[in-house]
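Enquirer: With the input below, show me the fold.
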Amino acid sequence: MRTMVLSILWGFARHFGAASEVPVMPGVEAWRMMGVWYPISVVTDHRGQKHLSIKGRFTLCTPPDSLYYDFYFIGGEHCYLEIVNFLVDERPGQFITESDDPEYDGCKVRIVDTDYHEYNIFHMERDGNKTLILDGMR
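Expert: Numbering: from 1, shown residues only. You can find the predicted model right below:
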């Protein structure tokens, strides 16, 4: 299962490097994504992004179907907490981020695929910089 998901992620990364529109999983139910997630793989073209995260947690916030995401990342010799709100954008599965950290504020986020309990793949984009993230729950 894990090999298949990593293969899919690699394929998405190659395809979305040139694609202008990233697909959104139909019928995303944001509430089902609540829980603690651990990073498995990150593919990014943004050198400055703090992507060496340790774990992240989705919880629900308002407005409905929006998510509150807090995650820990390694920066130098320390571990830091980052808090980002995923506010519902145009349709379920698409979000705009809101954060005190300018690096994460105003990102477009798309849920590419998830089974809600084993893995989720999401795509973040801002100012032409793209990041594809595969998280696992176990």
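
Enquirer: For the chain, give me the ranges with low pLDDT.
Expert: 1-20, 46-55, 62 (pLDDT under 70).

Enquirer: got a list of what Asp70 touches?
Expert: Asp70 is in contact with 56-57, 81-84, counting by C-beta atoms under 8 Å, 6 or more residues apart in numbering. Backbone N, C-alpha and C define where each C-beta goes, glycine included.

Enquirer: What are the contacting residues of stretch 75-89?
Expert: Taking C-beta under 8 Å, 6+ apart as the rule, stretch 75-89 contacts 30, 50, 54, 61, 63-74, 94-101, 104, 108-109.

Enquirer: who wins for neighbours among the contacts of Asp70?
Expert: Val84 (23 neighbours; other C-beta atoms under 10 Å).

Enquirer: so it bridges to which residues?
Expert: Note on Val84: beta-bridge partners Tyr69, judged by DSSP bridges.

Enquirer: OK, contacts around the most centrally placed residue in the chain?
Expert: Centroid-nearest residue in the chain: Phe122, 4.2 Å away (criterion: C-alpha atoms, centre = their mean). Counting by C-beta under 8 Å, 6+ apart, Phe122 touches 109-112, 132-133, 135.

Enquirer: now swap in Thr59 and tell me
Expert: Taking C-beta under 8 Å, 6+ apart, one finds 34, 67-68 in contact with Thr59.

Enquirer: again, but for Gly106
Expert: Gly106 sits next to 96-98, 126 when contact means C-beta under 8 Å, 6+ apart.
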